[in-house]
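>>> model the structure of this input:
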Amino acid sequence: MGTSSASLAARLQHPPGPRQPFEILAPAAQSVPLVFVSPHSGTDYDPAFVASSRLDMTTLRRSEDSFVDELFQAAPASGAPLLRAHFPRVYLDPNREPWELDPTMFEDELPAFVNTSSLRVAGGLGTIARVVTNGAEVYRGKLRFAEAERRVRQLYIPFHEAIQDLLAATVDRFGVALLIDCHSMPSVGGPMDRDPGHERADIVLGDRYGTSCAHGITEAAERYLSRAGLRVARNDPYAGGFTTRNYGRPESGVHALQIEIKRSLYMDEARILPLPSMAAVKAIVTSLISVLASLDHHAHREQRR
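Now for the predicted structure:
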């Protein structure tokens, strides 16, 4: 799954200089078999990318899972690492396969290994997005494949190597691991979504219909969140993306659960600003982290639907 705990320790020691494309907020010592990942909360926009886009900054930022890394900020204090991207989702989406690319975006021919026919590509939301969530085109002109390759090699691959290292170190230490993939969602389904125009639940838990995570873990999360007064749905409209599908292997003791939080609970979606209610939502998330940390994860090792 990864290389070793030593390689993880080396990755935590970033050299001085420009901010790295992602960071691991690590506890003093990992005490629980949980790993948290916030892949879409990055806000470091490459000026050349912004100049190449036909969209204003606010429209570009609506693709972010804004402030999600802050909502899950208590993970390290609870004994679990939090990996968060600094690069924005609209620039490179690590919750896709590495090479899901729309050929209409490029002026040159794509290599044969590129997946040009996935549902994400068809919707314009591949590894490099053609559109933002409201369907508006991102770029003024066409890209060259070399640019996509550069982003994948400099951002996507190191980000997933970090996930792999964190999971490997967790399994080495505890024998099991639970990956929590942290996201937010627009309050109403957009034109590119499965549920256009529909008001969403407060929380959507995605476990790939029970294949990426033991149902006891998902049930514990749902039970706590419901008792906290939130409306919870499972796998609708989000069952879990590439990260959940790729890393969730309950039969091997590695579980993956995607959590989507409705943005209107904690932020002004139009202005991309936190609301006063963010503190209350953050408190609920902090308690959820404690609930998940307290589970007997070895009991879930062989649990299947």
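>>> okay, CA-based contacts and neighbour counts for the rest of this
Noted.
>>> burial count for the nearest residue to Ala201 once chain neighbours are set aside?
Residue nearest to Ala201 in three dimensions, not counting chain neighbours: Arg231, with 5.3 Å by Cα to Cα, 6 or more residues apart in numbering. Arg231 is flanked by 14 other residues according to other Cα atoms under 10 Å.
>>> quick one, helices of this protein?
Secondary structure of the chain (DSSP state H): helices at 5-12, 47-52, 57-61, 68-71, 119-122, 145-151, 157-174, 215-227, 242-247, 278-293.
>>> for Arg96, find the nearest of the ones you listed.
With distances scored as Cα to Cα, the stretch of these nearest to Arg96 is helix 242-247 (5.1 Å).
>>> what's the end-to-end length of stretch 74-94?
23 Å (Cα to Cα, to the nearest Å).
>>> how far off centre is it?
Chain-centre distance of stretch 74-94: 7 Å, with Cα atoms, centre = their mean, to the nearest Å.
>>> now swap in stretch 120-136 and tell me
Centroid separation between stretch 120-136 and its chain, computed with Cα atoms, centre = their mean, is 16 Å.
>>> and for that stretch, what's in contact with it?
Here stretch 120-136 makes contact (Cα atoms under 8 Å, 6 or more residues apart in numbering) with 59-60, 62-63, 90-102, 105, 137-139, 148, 190-192.
>>> pull out the buried residues from the residues you listed.
59-60, 62-63, 90-102, 105, 138-139, 148, 192 (16 or more other Cα atoms under 10 Å).
>>> please name the nearest non-neighbouring residue to the residue nearest the centre of the chain.
Nearest to the geometric centre of the chain sits Pro39, at 3.7 Å (Cα atoms, centre = their mean). Nearest in space to Pro39, with sequence neighbours left out and distances taken as Cα to Cα, 6+ apart, is Ala85 at 5.2 Å.
>>> pLDDT wise, what is that neighbour at?
Note for Ala85: predicted pLDDT of 98.
>>> now do it against Asp69, distance only.
Noted for Ala85: a distance of 9 Å to Asp69, by Cα to Cα.
>>> give me the common contacts of those two.
38, 41.
>>> low-confidence ranges, the chain, go.
Within the chain, the stretches with pLDDT under 70 are 1-18, 301-305.
>>> quick one: the strands in it?
22-25, 34-38, 82-85, 177-185, 203-206, 232-234, 254-262, 267-268, 273-274 (DSSP state E).
>>> can I get those strands in JSON lines with mean neighbour count and distance to Val171?
Formatted as JSON lines, the strands of the chain follow (neighbours: other Cα atoms under 10 Å; distance: least, Cα to Cα, whole Å):
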{"stretch": "strand 22-25", "mean neighbour count": "19", "distance to Val171": "17"}
{"stretch": "strand 34-38", "mean neighbour count": "25", "distance to Val171": "10"}
{"stretch": "strand 82-85", "mean neighbour count": "24", "distance to Val171": "16"}
{"stretch": "strand 177-185", "mean neighbour count": "25", "distance to Val171": "6"}
{"stretch": "strand 203-206", "mean neighbour count": "26", "distance to Val171": "22"}
{"stretch": "strand 232-234", "mean neighbour count": "19", "distance to Val171": "27"}
{"stretch": "strand 254-262", "mean neighbour count": "26", "distance to Val171": "8"}
{"stretch": "strand 267-268", "mean neighbour count": "15", "distance to Val171": "35"}
{"stretch": "strand 273-274", "mean neighbour count": "14", "distance to Val171": "36"}
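>>> can you list those in TSV and add distance to Asn246?
Output for those, formatted as TSV (distance: least, Cα to Cα, whole Å):
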stretch	distance to Asn246
strand 22-25	20
strand 34-38	14
strand 82-85	17
strand 177-185	11
strand 203-206	13
strand 232-234	19
strand 254-262	9
strand 267-268	30
strand 273-274	32
